[in-house]
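Peer 1: Got a sequence here, can you model it:
(2 chains)
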Amino acid sequence: MNAPVSADLNARVVIVGAGHAGGSAAAFLRQYGHTGKIVLIGDEPLLPYQRPPLSKAWLKGEADADSLQLKPSSWYEEAGVFLRLGGVVASINRGAKTVTLASGEDIPYDHLILATGARARALPIPGADLSGVLALRTAADAEALKGALGPGKKLAVVGGGYVGLEAAASTIALGGHATIIERESRVLARVACETLSTFFQDYHGARGVTFVLNAGVEGFEGSDGHVTGVRLADGSVIACDAALVGVGAHPNVELAQDAGLECTGGIVVDIEARTSDPHVFAIGDVTHRPLPIYERQFRLESVPNALEQAKQAAAVITGRAMPPHEIPWFWSDQYDLKLQIAGLPFDADRQVVRGDVAAAKFAVFHLKGDLVQAVEAVNAPPEFMAGKQLIAKRTPVSIEKLADPTISMKEVAA
Amino acid sequence: MAKITYIEHDGTDHVIDVKPGLTVMEGAVKNNVPGIDADCGGACACATCHVYVDDAWAGKTGEKSAMEESMLDFAENVEPNSRLSCQIKVTDALDGLVVRLPESQH
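Peer 2: Residues are numbered from 1 along each chain as shown, chains lettered A, B, ... in the order given. Predicted coordinates for the structure are as follows:
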């Protein structure tokens, strides 16, 4: 594809953040014919890697570190992508168009891409600094967690979100015990509907996971500097060999904020991943981005979102046509369950369950009138795929047909 | 190593030596072949690694699982020789494999 005259394929691009978003942005720039210098700065000492397997296949020992890498090191060399791993960016000078590393070195840019991601939210409670109180966001976190798991080992998980549930499933697979402690009355309270929460809780429960719901966490108890239990608000203590805190993530907006870029719930970007400065893009978990179908701004934490925005920024920089808008989607693997979610249930006023919850093969559709807003599908790829298409198309569906699993999703979506 | 040829929808081809044990998808992604994004990293959850397997190789690339079948059922531009490349494990027997990429991944 030919770039219009306005795009300078020789422009210098600096990418801050070498996660899935930042690494992919470098790759898409090269795919789209960018020839200029690309500098990729990451604070972790590792090449860009995939995070989703950290709580699943990798934790269970089914994937090695190499297989998690987005690209082998030879690719960066051949592609002329200069890696600054273990590099910490201290500030951005938008006037001079430079980023300054903690070492004092200035790196000039024509285009800056911020892919600083999100960090695990910490609990400001007593004992949080004990060894064995872990988070799960980075490969180093996962390494620490893996070291704490094994036959007979007890993991206490604070927070019944996806990270916690996936880690619990992996703990069980490794022969250990897992207790999930959740503040709300159900797991996945902020991210899934009640049908799904109940289903996942039952499924985990049947495989040996213990749940403590409606429970406030007061602190961690330890001996010799290592965690031995999680103390709850009612005074009881859940004994453990390690505690995983999975209570959400906080966008790493500080650099952008200090540079005067607009930040509200993340770095605010438009549908082409531009920040309030035309020379600065932001992509991935750190962004607060438009969701055109839902007519709102939102922060998404997902690989598809990172890839979509990486493509947007690379397309603008190289003068290539914008890729089509995508419907947000998410997935999770736990035991033999494949959960696939498309869309977000904004403004939904009814739910339709299709399939058999007891047989672990069903989908919950969230509708606004007769428009599908979101679908949560468990071992139900046709429902997920067709649901995703229905969300994109904005065509009304027949509720009766949707609820009737004897009518194929092809026919429902026709 | 197995030599795999990936042909983009516009005809551009990429001949890559892929290590046995990786998937055909991983061979493409790790070498930055355009058109195979593999959003889900190989979990058979997204259908963004759709390829057409040249007929000569159909017998050697294995059977589709029910999961793959139903994902493909709803993918764009599906043909009888469509596969999700994350579900094809590379072996020495696949040396010379040719796969083509669909228009929707252009």
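Peer 1: which parts of chain B sit against chain A?
Peer 2: Residues of chain B lying near chain A by Cβ under 8 Å from any Cβ of the partner chain: B:22, B:26, B:29-32, B:34, B:37, B:39-41, B:43-47, B:67, B:70-71, B:73-75. Heads up, the C-betas are built off the backbone N, CA and C, glycines and all.
Peer 1: And the helices in the chain?
Peer 2: Just so you know, I chose chain A. Residue ranges of the helices in chain A, as given by DSSP state H, are A:20-31, A:65-68, A:73-78, A:139-148, A:162-173, A:194-206, A:254-258, A:303-318, A:381-393, A:399-403, A:409-413.
Peer 1: You answered for a different chain; I wanted chain B.
Peer 2: All helices of chain B, identified by DSSP H, fall at B:24-29, B:66-73.
Peer 1: Give me the contacts around the shortest one.
Peer 2: So the one you mean is helix B:24-29. A:67, A:70-71, B:4, B:6, B:14, B:16, B:18-19, B:33, B:35-38, B:42, B:49, B:51, B:61, B:84-86, B:88, B:90, B:94, B:97, B:99 (Cβ atoms under 8 Å, 6 or more residues apart in numbering or on different chains).
Peer 1: Could you pick out which of those residues are located in strands?
Peer 2: Using DSSP state E, the members of the contacts of helix B:24-29 that fall within strands are B:Ile4, B:Tyr6, B:His14, B:Ile16, B:Val18, B:Val51, B:Leu84, B:Val99.
Peer 1: Save the residues you listed as CSV, and put in neighbour count and pLDDT too.
Peer 2: Formatted as CSV, these follow (neighbours: other Cβ atoms under 10 Å in any protein chain shown; pLDDT from 0 to 100):
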residue, neighbour count, pLDDT
B:Ile4, 26, 97
B:Tyr6, 25, 97
B:His14, 17, 96
B:Ile16, 17, 96
B:Val18, 22, 96
B:Val51, 27, 97
B:Leu84, 28, 97
B:Val99, 26, 97
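Peer 1: Throw these into JSON lines and include distance to A:Asp356, thanks.
Peer 2: Compiled in JSON lines, the ones in strands among the contacts of helix B:24-29 are given as follows (distance: Cβ to Cβ, whole Å):
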{"residue": "B:Ile4", "distance to A:Asp356": "40"}
{"residue": "B:Tyr6", "distance to A:Asp356": "40"}
{"residue": "B:His14", "distance to A:Asp356": "44"}
{"residue": "B:Ile16", "distance to A:Asp356": "43"}
{"residue": "B:Val18", "distance to A:Asp356": "40"}
{"residue": "B:Val51", "distance to A:Asp356": "33"}
{"residue": "B:Leu84", "distance to A:Asp356": "26"}
{"residue": "B:Val99", "distance to A:Asp356": "36"}
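Peer 1: Closest one of those to A:Ala96?
Peer 2: If you rank the ones in strands among the contacts of helix B:24-29 by distance to A:Ala96 using Cβ to Cβ, B:His14 comes first, at 39.5 Å.
Peer 1: Correct me if wrong: the closest one contacts B:Asn31.
Peer 2: Yes. Taking contacts as Cβ atoms under 8 Å, B:His14 lies within contact range of B:Asn31: 6.9 Å.
Peer 1: Residue in chain A with the shortest distance to chain B?
Peer 2: A:Met385 (3.3 Å; Cβ to the nearest Cβ).
Peer 1: With B:Ser70 as the reference, measure out to that residue.
Peer 2: 8 Å (Cβ to Cβ, to the nearest Å).
Peer 1: Please compare those two by neighbour count and tell me which comes out ahead.
Peer 2: A:Met385 (25 against 19; other Cβ atoms under 10 Å in any protein chain shown).
Peer 1: ok, the more buried one - contacts?
Peer 2: A:Met409, B:Ala47, B:Ser70, B:Met71, B:Asp73, B:Phe74, B:Ala75.
Peer 1: Nearest residue to the last one in space, please, no chain neighbours.
Peer 2: In space, and not counting its chain neighbours, B:Ala75 is closest to B:Ala47: 4.3 Å by Cβ to Cβ, 6 or more residues apart in numbering or on different chains.
Peer 1: just the first one next, same as before
Peer 2: Leaving aside its chain neighbours, A:Met409 sits nearest to A:Ala386 (3.7 Å; criterion: Cβ to Cβ, 6+ apart).
Peer 1: so what's the one you found up against?
Peer 2: With Cβ under 8 Å, 6+ apart, A:Ala386 has these contacts: A:Met409, A:Lys410, A:Val412, A:Ala413, B:Phe74.
Peer 1: Would you check how far apart it and A:Ala413 are?
Peer 2: From A:Ala386 to A:Ala413 the distance is 4 Å (Cβ to Cβ).
Peer 1: A:Gln340 too?
Peer 2: 16 Å.
Peer 1: swap in A:Ser185?
Peer 2: Distance of A:Ser185 to A:Ala413, given as Cβ to Cβ: 35 Å.
Peer 1: of those two, who's got more company?
Peer 2: Higher neighbour count among A:Ser185 and A:Ala413: A:Ala413, with 21 against 10, using other Cβ under 10 Å.
Peer 1: Now do the contacts for the residue of chain B found nearest chain A.
Peer 2: Of chain B, the residue with the smallest distance to chain A, taken as Cβ to the nearest Cβ, is B:Phe74 at 3.3 Å. Contact analysis of B:Phe74 by Cβ under 8 Å, 6+ apart lists A:Pro381, A:Pro382, A:Met385, A:Ala386, A:Gln389, A:Met409, A:Lys410, B:Ala47.
Peer 1: So what's the residue count around B:Gly62?
Peer 2: For B:Gly62, using other Cβ under 10 Å, the count is 14.
Peer 1: Nearest spatial neighbour of it, chain-adjacent residues omitted?
Peer 2: Closest to B:Gly62 by Cβ to Cβ, 6+ apart is B:Ile88, at 6.5 Å.
Peer 1: Now do the contacts for that neighbour.
Peer 2: B:Thr23, B:Val24, B:Met25, B:Val53, B:Thr61, B:Gly62, B:Leu94.
Peer 1: end-to-end on stretch B:94-101?
Peer 2: Criterion Cα to Cα, to the nearest Å; first-to-last residue distance in stretch B:94-101 is 17 Å.
Peer 1: quick one: contacts of that stretch?
Peer 2: B:1-9, B:24, B:35-36, B:50-54, B:56-57, B:60-61, B:83, B:85, B:88, B:90.
Peer 1: Separate out the buried members of those.
Peer 2: Neighbour-count burial (16 or more other Cβ atoms under 10 Å in any protein chain shown) is assigned, among these, to B:2, B:4, B:6-8, B:24, B:35-36, B:50-54, B:57, B:61, B:83, B:85, B:88, B:90.
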